[in-house]
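S.K.: Could you look at this predicted model? Sequence included:
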Amino acid sequence: MAVYQTTLTIRPPGRGTHEITDEVARALQASGLAQGVATVFCPHTSCSLVLMENADPSARRDLEAWLDRLVPENDRRFTHTLEGADDMPSHIKMALTRSSESIPFAAGRLLLGTWQGIFLWEHRKAAHMRNVVLTFVG
């Protein structure tokens, strides 16, 4: 089995879902591997990954709004607030979602569903530099 690993550096402008499917697909092509499994890992505690609808952005906006209602800012019970009102909610949102995704690939292509995309979900308001580690095994 061959292994290829690389890191994407992404600077999302702030809160929201930011599609990285094309970047992951380009890295898979660069790996030269044809069949196997891709692991996409986000080593941060205030953003996450999600496989989600990529055709209609309203599906992502609805998901983002739902999670914002579930974990609102300015909850007086939070004690971890040094970095601002969105800090603790960002950590909770990350814990409720995912920090990695495993996606099979064949013929050098990710085997995503017709309307699936890979998204970095930034939970902080401000722009942050984010890394996403890609590991392809095939």
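M.R.: Now that the structure is in, tell me what you want to look at. Residues are numbered from 1 along each chain as shown.
S.K.: Next, count neighbours for residue 104.
M.R.: Per other CB atoms under 10 Å, the neighbour tally for residue 104 reads 12. In short, each C-beta sits where N, CA and C put it, glycine included.
S.K.: give me every residue that touches it.
M.R.: 36, 37, 38, 110, 111 (CB atoms under 8 Å, 6 or more residues apart in numbering).
S.K.: Who wins on neighbours among the residues you listed?
M.R.: residue 38 (24 neighbours).
S.K.: Is that one located within a helix, as I assumed?
M.R.: No. The assignment for residue 38 is strand, going by DSSP: H, G, I helix; E, B strand; the rest coil, so no helix is present there.
S.K.: excluding its backbone neighbours, what's nearest it?
M.R.: residue 103 (4.7 Å; CB to CB, 6 or more residues apart in numbering).
S.K.: circling back: from the contacts of residue 104, pick the one nearest residue 30.
M.R.: Lowest distance from residue 30 to the contacts of residue 104 (CB to CB) belongs to residue 38, with 12.2 Å.
S.K.: That closest one contacts residue 108, correct?
M.R.: No. Contact criterion CB atoms under 8 Å: residue 38 and residue 108 do not qualify, at 11.1 Å.
S.K.: any common contacting residues for the two?
M.R.: Common neighbours of residue 38 and residue 108 (CB under 8 Å, 6+ apart) are residue 28.
S.K.: Validate this expectation: residue 120 resides in a strand.
M.R.: Yes. Assigned with three-state DSSP, residue 120 falls within a strand.
S.K.: Okay, and the beta partners of it?
M.R.: Beta bridges link residue 120 to residue 18, residue 49, judged by DSSP bridges.
S.K.: quick one: contacts for it?
M.R.: 10, 12, 17, 18, 20, 42, 47, 48, 49, 130, 132 are the contacts of residue 120 under CB under 8 Å, 6+ apart.
S.K.: Let me see the mean pLDDT of stretch 2-17.
M.R.: The pLDDT scores in stretch 2-17 average 97.
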